[in-house]
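Student: Sequence isn't available, so here's the structure alone:
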């Protein structure tokens, strides 16, 4: 298993900052569950299908447009709203209509999340409905204090700065009180600049591995396994309290 600190003195710096953390924020898809489940792959496939059908494009044209919108707006939806007048709720309902049968609850993950000192939040570019459905399937919904979704950003998703400002306002926190777990390194860039602790989770089968290399310096810590990271961070918390 690969677990890394991204600078020589980071362990000490993270040890010092972790004692200030009161809010544990998690991206949802491919972060709270493993990419190998195929759930978010199925969501991406439905996004491709939606763009092809709605805009009458062939697969290559649709992929080019999706890549452009994802780079500019953080999510395909942002471009569809800005340039095509798409009704967001219709789009989200369609692309999130995927099976969750490959997601199974993890007792160890639930135990680790429940042990975190402070509040637990979901900060996602998906919808509340999708987040609740996934969390219920994972038996984690009751542990979550707040779900901050793409609608709460007024359709300006991560990594747009307004999304982070809105999230901090919603949870009534300062950046140094927040740790953010993400599978997409570009979404850690604004968080790191604000002063949050940042953790990059790159589970087996992650589609972001190549793209993450350009932004991995935005991560204070990275790992292939969320449970291992949570245990490591809990150990740091206990060490600070002793």
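Tutor: That came in fine, so what should we check first? Predicted, not measured: the structure shown is a model, and the values here were computed from it.
Student: So which helix or strand of the chain has the lowest pLDDT on average?
Tutor: strand 3-5 (a mean of 45; mean pLDDT, DSSP states H and E).
Student: Measure how far the helix or strand containing residue 112 is from the centre of its chain, please.
Tutor: Using DSSP states H and E, residue 112 sits within helix 107-115. From the chain centre to the centre of helix 107-115 is a distance of 18 Å (C-alpha atoms, centre = their mean, to the nearest Å).
Student: can you give me the mean pLDDT across that helix?
Tutor: If you average the pLDDT over helix 107-115, you get 98.
Student: ok and the following helix or strand past it relative to helix 107-115, angle-wise?
Tutor: Where DSSP H and E defines the elements, the next helix or strand beyond helix 107-115 is strand 119-123. Going by axes from the mean of the first three to the mean of the last three C-alpha atoms, to 10 degrees, strand 119-123 is angled at 120 degrees with respect to helix 107-115.
Student: residues in contact with strand 119-123?
Tutor: 22-28, 32, 113, 131, 135, 143-149, 158, 167, 171, 180 (C-beta atoms under 8 Å, 6 or more residues apart in numbering). Where you see a C-beta, it was placed from the backbone N, CA and C, and this is true even at glycine.
Student: ok, 6 Å please
Tutor: 23-26, 28, 131, 143-148, 167, 171 (C-beta atoms under 6 Å, 6 or more residues apart in numbering).
Student: same check, this time on stretch 87-101
Tutor: Residues contacting stretch 87-101 (C-beta under 6 Å, 6+ apart): 42-43, 46-47, 50, 77, 127, 130, 137, 155.
Student: domain assignment for this protein?
Tutor: By the record's domain assignment, the chain is partitioned as 3-37+104-241, 39-95 (automatic domain parsing).
Student: By mean pLDDT, show me the worst of those.
Tutor: Mean pLDDT values for these show the minimum at domain 3-37+104-241, a mean of 90.
Student: that older thread, may I see the domains of the chain organised as a markdown table, with mean neighbour count added?
Tutor: A markdown table is the format used below for the domains of the chain (neighbours: other C-beta atoms under 10 Å):
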| stretch | mean neighbour count |
| --- | --- |
| domain 3-37+104-241 | 18 |
| domain 39-95 | 16 |
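Student: which residues in the protein form helices?
Tutor: Under the criterion DSSP state H, helices of the chain are mapped to 10-18, 39-55, 59-73, 76-84, 88-95, 107-115, 128-137, 161-171, 189-194, 209-212, 226-241.
Student: Just give the nearest non-adjacent residue to residue 51, would you?
Tutor: In space, and not counting its chain neighbours, residue 51 is closest to residue 62: 4.4 Å by C-beta to C-beta, 6 or more residues apart in numbering.
Student: same question but for residue 80, I mixed them up
Tutor: Going by C-beta to C-beta, 6+ apart, residue 80 has residue 86 as its nearest residue, at 3.9 Å.
Student: Please apply the same query to residue 184.
Tutor: residue 208 (5.3 Å).
Student: what separates the residue positioned nearest the centre of the chain from residue 60, distance-wise?
Tutor: Nearest to the mean C-alpha position of the chain, counting by C-alpha atoms, centre = their mean, stands residue 27 at 2.1 Å. Note on residue 27: its distance to residue 60, by C-beta to C-beta, to the nearest Å, is 29 Å.
Student: swap in residue 19?
Tutor: Where residue 60 is concerned, residue 19 sits at a distance of 51 Å (C-beta to C-beta).
Student: Kindly report the same for residue 111.
Tutor: Distance from residue 111 to residue 60, counting by C-beta to C-beta: 46 Å.
Student: Surely residue 196 and residue 175 touch.
Tutor: Yes. Residue 196 lies in contact with residue 175 (C-beta atoms under 6 Å); the separation is 4.9 Å.
Student: Turn the helices of the chain into JSON lines, including distance to residue 202.
Tutor: Output for those, formatted as JSON lines (distance: least, C-beta to C-beta, whole Å):
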{"stretch": "helix 10-18", "distance to residue 202": "17"}
{"stretch": "helix 39-55", "distance to residue 202": "14"}
{"stretch": "helix 59-73", "distance to residue 202": "18"}
{"stretch": "helix 76-84", "distance to residue 202": "22"}
{"stretch": "helix 88-95", "distance to residue 202": "23"}
{"stretch": "helix 107-115", "distance to residue 202": "17"}
{"stretch": "helix 128-137", "distance to residue 202": "19"}
{"stretch": "helix 161-171", "distance to residue 202": "21"}
{"stretch": "helix 189-194", "distance to residue 202": "16"}
{"stretch": "helix 209-212", "distance to residue 202": "6"}
{"stretch": "helix 226-241", "distance to residue 202": "10"}
